[in-house]
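> let's see this in three dimensions:
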Amino acid sequence: MAIVHRGRIGRGPTGGRYKSARGKRLFERGSPATLTKIGKEKIVVIGTKGGNEKRKVLVAQTANVFDPKSKKFSKATVKIVTACPANRHFVRRNIIVKGAVIETDKGKARVTSRPGQDGVINAVLV
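This next block holds a predicted model:
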């Protein structure tokens, strides 16, 4: 069964059923959450509308960390997830999402990118 995110709702505001004039379309497809983990790099490329590509990071080992003091980016190795306001269980499972605080070899950093959408992990030192 396909995951459809932008299809029409099955019933109207008064409870009457809608009769679909067409079936599902490829651009309406969705996907389960990526849930980026820590480990050897693994990136999946998915084709999107207009011939573009979306990169999903399934497993990552490094992050682009920005140092606000020196105003420079550097590559850092990700050790563990220390905090995650999105879901407290992501800390236990070491799942990286936007807003999560990760422990790197440069220090603690907050993730600013969406690894499941952007294809890269960007973070700012805390």
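> what are the phi and psi values at Q117?
Backbone torsions for Q117, taken as degrees, to the nearest 10, come to phi -120, psi -40.
> that one and K54 touch, don't they?
Yes - Q117 is within contact range of K54, at 6.7 Å (criterion: Cβ atoms under 8 Å). The way it works is simple: take the backbone N, C-alpha and C, and place the C-beta from them, glycine included.
> look up how far K54 lies from the closest residue to N122 other than its chain neighbours.
Of all residues not flanking N122 in the chain, S113 sits nearest, at 4.0 Å (Cβ to Cβ, 6 or more residues apart in numbering). To K54, S113 is 13 Å away according to Cβ to Cβ, to the nearest Å.
> and these two? Which one has more around it.
More neighbours surround S113 than the other of S113 and K54, with 18 against 15 (other Cβ atoms under 10 Å).
> mind naming the longest strand for this protein?
The longest strand of the chain (DSSP state E) is strand 72-83.
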